[in-house]
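Student: curious how this folds, go ahead:
(one chain, ligands or ions: 3)
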Amino acid sequence: MIGSYAAVILKQKSLRLDRVFDYRIPDRLRESVRVGSLLRVPFGTGNTEREGYCVDILEETEIPAERLKDVLGVSENAVPAEAEMIRMAAWLRQRYGSTMIQALMTCLPVREKVRKVVTRTWVPAVPEEQLRSLQEETAGRGNQKARLRLLDAVLLLGYIDEAAMDAYDISQAVLKHFTDQGILCLEEEEVSRDPYATVTGQEYAEPPLSERQREAADGIEAKLLEKPGSACYLCGVTGSGKTLVYTELIARTVARGQQAIFLIPEIALTYQTVQRFRARFGDRVSVLHSRLSAGERFDQFERAARGEIDVMVGPRSALFTPFPSLGLIVMDEEHEDSYKSETSPCYHAREAAAWRARDCGAGFVLGSATPSVEAYKSIRSGDVAYFTLPERARAGSRPPEVRIIDMREEMKRGNKSIFSEELASLMEERLERREQILLFLNRRGYAGALTCRACGEVIKCPHCDVSLTLHGKTRLLCHYCGYTRPVPSECPSCGSPYIAAFGIGTQKVEEAVRAMFPSARTLRMDLDTTSGKGGHDRILRAFGAGEADILIGTQMIVKGHDFPRVTLVGIVAADLSLSMPDHRAAEKTYQLLVQAAGRAGRAERPGTAVIQTYQPEHFCIRAAAAGDYDAFYREEEAYRLLMKYPPFFRMVTVTFASKSEAECSAYASDAAAFLASQNARLAPEKAFLLIGPAQPPVAKRKDVYYRTVCAKGSSLQTAVWLKDSLTAWALSRKEKVSIQFDIR
Ligand code: ADP
Ligand code: ZN
Ligand code: ZN
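Tutor: Ligands and ions are numbered 1, 2, ... in the order given. Coordinates of the predicted model:
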């Protein structure tokens, strides 16, 4: 290694240690210290031994020789960080705000080597005749039963392994006797721990590409080859067969000798995805996610780095798979929230994937039936090429008929049930025809926002235009800006006294179904029924096999599952997601409604989707029913521009956390004042709008209190500058308050 000094990032959380420390590399370690190695180094006045990653090798250092310390050694047990991942970590740190070590840990989902698993087999080292005569001799002696058992076994099987030792009751001592004599010899073989080893894909037959699918694949491939590092969007209605296009693109990447990463929004979708890909790519497909054992993860990570696999499937952390020549990143269901990290660095996998693709010249393909507003904005600006699949792939399958039911009318007619008359009668009809029904509820009983049952109005913050939520019994609170007001006794817009928090859960829906249709067989899918390994798959498989007529569930049931016998989807309370205290409530609702409706009529039998709502005139509900994304986007863009929300403006959310509520709250106020003083330095067009401090939706968790401060403005550069100056400010403070940034 050229260079004599190692630039080291310590494996310590503290913001104060978030910088590079230089160390001398002693001659004896010249060969083993590399960029990415985990080093042992002395630190502080007591020279305590610490660990840190070497992020650079330097020829010179500004540290005077007498203060320079030596690297103590290289941690052999650590998985080194690839240079590409160190670059990516530096970008994550700068773009999203975190310490370098947090960013590096994010880019290194597998950090520790886990001892290899080896299979041990003992095979004969002498010809068979010799074994047979030995068997005869031993049998003749009569007192060597254990040795005889081993000889019987090896003559029958041709080898001894652990299973045979168990079955024939062979001890280590007897085995040792035979190996010492040179009669048996040990063969060891490393096995890769593959969690999906039994998934072969044989059960899955891949149909040939349709004309449209081929056109999309050809178009995307041409675009990506023309401009390496660029991105394409595949927008296809639910059931249009996007997966087959991805598979084709991956196959072409592999044929060029490159590898691909396939991102899925949640672990629950791994099984079916691996099944589909193994049908095409055999065992050169692997999986990386947090529910695997450390050994499984290490083995798959290493196989990838060695170039032994072609496709890595997994949730957002799979993005950090080391590959010798990454050619393609695919992000399925791009609009899903799970692609965003909730811990520092709060990165979005969409942006991180785009960065990695640019960094290494790979292609990036995003896909969904319901693009996120962020992605659609980059499509409109021409940054991302756009391809569509406007029709369902299966012959005879048509998009569902969507009906909107005005629940205010039901109320006026005196129907207080969860189900409108129309949904109830459609359910009855499907049950008679022995077709299946999905009943869908957004979120398990999200309560908090107040809605008027007479006019549909949700009570919102006058400053932020997001729902206010109940705080205790008598006050309403804005989680963005901290605005608060008493709970009104009547609807501010129509004067009706029927305002209440929505509190409906899947259990309540199930009870209502049972009361109305006592003979219907129901299955319920929510956090209660799916806990435990394989909980999801068990319920989905049972429903797929026709063991129930009605599946009731939260958003888990709308994702990626294909049930040909479902001809009715009931969206019980579309307003639950509309009253979410989030500026993306309409976007989330649009996506949910379209995805849920898309579960109806996936095969020949036509499907119907019923949307029950108190706000039938809301633009996102009308656009979703019509499947008109552009109509939705136009309204949404106007709203966000007006309110200065992302992606049209930048929003920095700073979250403060402390064990003391008073300290947290005072600190947040000081930080807000500091930000205001920084803001005052900016030219008016660059200045941010500061909001808060406020209490986030969960203001206390595990005895830690939280406060937030928000800033909205036009430039990402300025957002990053605000983040950096607040970080510097925090370093000058003594309080033990932690800070987390979220820059959208
Ligand atoms: P999407 O992800 O776009 O919603 P999928 O990829 O899950 O759609 O495909 C939907 C269904 O259509 C699947 O059952 C799939 O097997 C089927 N399908 C896809 N492509 C074809 C094709 N070319 N011919 C016949 N069936 C197809
Ligand atoms: Zn009202
Ligand atoms: Zn507000």
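Student: how about the nearest residue to the residue of the stretch 51-200 of the chain found nearest ligand 2, chain neighbours excluded?
Tutor: Proximity of the stretch 51-200 of the chain to ligand 2 (Cβ to the ion) peaks at residue 96, 41.0 Å away. Backbone N, C-alpha and C define where each C-beta goes, glycine included. Of all residues not flanking residue 96 in the chain, residue 345 sits nearest, at 3.9 Å (Cβ to Cβ, 6 or more residues apart in numbering).
Student: what about the one you found, distance to ligand 1?
Tutor: For residue 345, the distance to ligand 1 equals 30 Å [Cβ to the nearest ligand atom, to the nearest Å].
Student: quick one: secondary structure of the residue in the stretch 601-744 of the chain that ligand 3 sits nearest to?
Tutor: Nearest to ligand 3 in the stretch 601-744 of the chain, going by Cβ to the ion, is residue 691, at a distance of 7.0 Å. Taken by DSSP: H, G, I helix; E, B strand; the rest coil, the conformation at residue 691 corresponds to strand.
Student: who's in contact with residue 625?
Tutor: Listed by Cβ atoms under 8 Å, 6 or more residues apart in numbering, the contact partners of residue 625 are 402-404, 593, 597, 611.
Student: got it, and residue 383?
Tutor: For residue 383, the residues meeting the contact criterion (Cβ under 8 Å, 6+ apart) are residue 231.
Student: ok, it to residue 230 distance?
Tutor: Going from residue 383 to residue 230 by Cβ to Cβ, to the nearest Å gives 9 Å.
Student: re the thing from before, mind picking the two most distant members of the contacts of residue 625?
Tutor: Looking at these by Cβ to Cβ, the two members farthest from one another are 403 and 593, with 12.0 Å of separation.
Student: if I look at the two, which residues touch both of them?
Tutor: Each of 611, 625 lies in contact with both residue 403 and residue 593 under the rule Cβ under 8 Å, 6+ apart.
Student: between those two, which is the more surrounded one?
Tutor: Here residue 403 and residue 593 are compared on neighbour count by other Cβ atoms under 10 Å; more neighbours surround residue 593, at 30 against 16.
Student: need the pLDDT of residue 203.
Tutor: We have a pLDDT of 69 for residue 203.
Student: sorry, wrong one. I was asking about residue 672.
Tutor: For residue 672, the pLDDT comes out at 95.
Student: grab the nearest non-local neighbour of it.
Tutor: Closest residue to residue 672 apart from its sequence neighbours, by Cβ to Cβ, 6+ apart: residue 709 at 4.9 Å.
Student: residue 271: which element?
Tutor: If you go by DSSP states H and E, residue 271 is part of helix 270-281.
Student: packing partners for that helix?
Tutor: For helix 270-281, the helices and strands in contact under the criterion 3 or more Cβ pairs under 8 Å, 6 or more residues apart in numbering; DSSP states H and E are helix 242-255, strand 285-287, strand 311-314.
Student: OK, contacts around the closest residue to residue 69 other than its chain neighbours?
Tutor: In this structure, residue 69 finds its nearest non-sequential neighbour in residue 42, 5.1 Å apart by Cβ to Cβ, 6+ apart. Listed by Cβ under 8 Å, 6+ apart, the contact partners of residue 42 are 48-50, 69-70, 72.
Student: cool, thanks, signing off.
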